[in-house]
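Colleague: Fold the following.
(one chain, ligands or ions: 1)
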Amino acid sequence: MPRNEAGQPTIKSAFVAIHGAAAHTFEVMPDTLATHSEGTQKTVRLTEMFLSIQGESSWVGRPCIFIRLARCHLRCVWCDTTYAFYGGEKVSIGEILRKCGEMDCRLVEITGGEPLLQPECVDLAQALLEDGYTVLVETSGTLPIRVLPAEAIKIMDLKCPDSGECDKNDWSNIDALTMHDEVKFVIASRGDYEWSRQIVKTYDLPSRCNAVLFSPVSDMIEAVQIVQWILDDSLDVRFQLQLHKFIWPPGQKGV
Ligand code: SF4
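Modeller: Take a look at the predicted model:
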């Protein structure tokens with residue numbers, strides 16, 4: 001299989017091989033505040049914003065401000081944030097920065113929905129970085145992640161077959177990963193596990209990013225089952241559960 005200068009499989013070669021992934025809530029007020037940096041007068045469609053504990057990724061357990069942008073072009077069958085599909089309030093980036101300042105936390109995650117559907121997501125990430133925040137962006141992996149500032153940490157899904165959205169994965173994103181990014185597989189079945197295992201090996205994902213995350217779909221597969229498969233295969237991935245669903249009731253919003 002052709003490889004790049006780092007010895008990793010090229011996107012084209014891998015593609016061919018495979019195809020023969022409440023703490024405190026704050027009221028959202030439509031607003032346009034004065035700017036302190038270019039782009040802060042732009043607006044985003046915001047579903048909710050709150051301070052909580054990071055429930056996933058290598059950042060798990062850390063206090064984190066969540067900025068949930070509205071809308072998603074996918075319909076994963078197990079989606080737990082369907083309330084973000086529609087609506088949302090138009091809020092200026094300046095107003096979001098102001099609310100972040102009130103929450104006294106330096107770690108921020110921009111999530112959705114699919115945040116990259118809104119081009120202003122890039123301006124929001126840039127403004128947060130300029131204000132000194134560590135910025136995580138959780139994305140479905142179906143839209144180009146190259147548009148984000150290099151300093152933003154991408155937590156990128158690759159949609160497994162049982163999600164119903166596997167054909168939407170943007171495989172060019174794999175070459176855009178950096179060593180501070182993370183790739184997540186949400187697994188609902190043995191078939192999803194085998195697909196994920198193949199992707200991890202074919203693209204040599206552990207060499208391309210900070211963490212490869214395997215998560216079970218709650219109520220669809222036992223966590224211990226995936227753990228046992230990982231151990232059986234000596235797979236170099238990080239198993240994770242959604243911590244916030246153990247701290248608060250599983251369906252609770254704003255956590
Ligand atoms: S990409 Fe995320 S928000 Fe969109 S349908 Fe899938 S799980 Fe839900």
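Colleague: C-alpha from now on. contacts and neighbour counts both.
Modeller: Noted.
Colleague: Next to the ligand in this structure, residues from this structure, please.
Modeller: Those residues of the chain that sit near the ligand, judged by CA under 6 Å from any ligand atom, are 72, 74-76, 79, 81-82, 112-114, 140.
Colleague: Just the buried ones from these?
Modeller: Buried by 16 or more other CA atoms under 10 Å: 72, 74, 76, 112-114, 140, out of these.
Colleague: Quick check: the farthest pair among the residues of the chain next to the ligand?
Modeller: Greatest spatial distance among these (CA to CA): 82 and 140, at 13.9 Å.
Colleague: did I read that right, residue 95 in a strand?
Modeller: No: Residue 95 is assigned helix when assessed by DSSP: H, G, I helix; E, B strand; the rest coil, not a strand.
Colleague: beta partners for residue 63?
Modeller: residue 53 (DSSP bridges).
Colleague: where does the stretch 51-200 of the chain dip in pLDDT?
Modeller: Low-confidence segments of the stretch 51-200 of the chain (pLDDT under 70): none present.
Colleague: So which residues of it form helices?
Modeller: 93-103, 120-130, 190-202 (DSSP state H, counting those that start in this stretch).
Colleague: can you redo these as a markdown table with mean neighbour count?
Modeller: Below are the helices of the stretch 51-200 of the chain laid out as a markdown table (neighbours: other CA atoms under 10 Å):
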| stretch | mean neighbour count |
| --- | --- |
| helix 93-103 | 18 |
| helix 120-130 | 21 |
| helix 190-202 | 17 |
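Colleague: can I get those helices in JSON lines with distance to residue 54?
Modeller: Shown next, in JSON lines, are the helices of the stretch 51-200 of the chain (distance: least, CA to CA, whole Å):
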{"stretch": "helix 93-103", "distance to residue 54": "15"}
{"stretch": "helix 120-130", "distance to residue 54": "18"}
{"stretch": "helix 190-202", "distance to residue 54": "24"}
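Colleague: wait, residue 74 sits on residue 163?
Modeller: No: checked against CA atoms under 8 Å, the pair residue 74 and residue 163 is beyond contact range at 9.7 Å.
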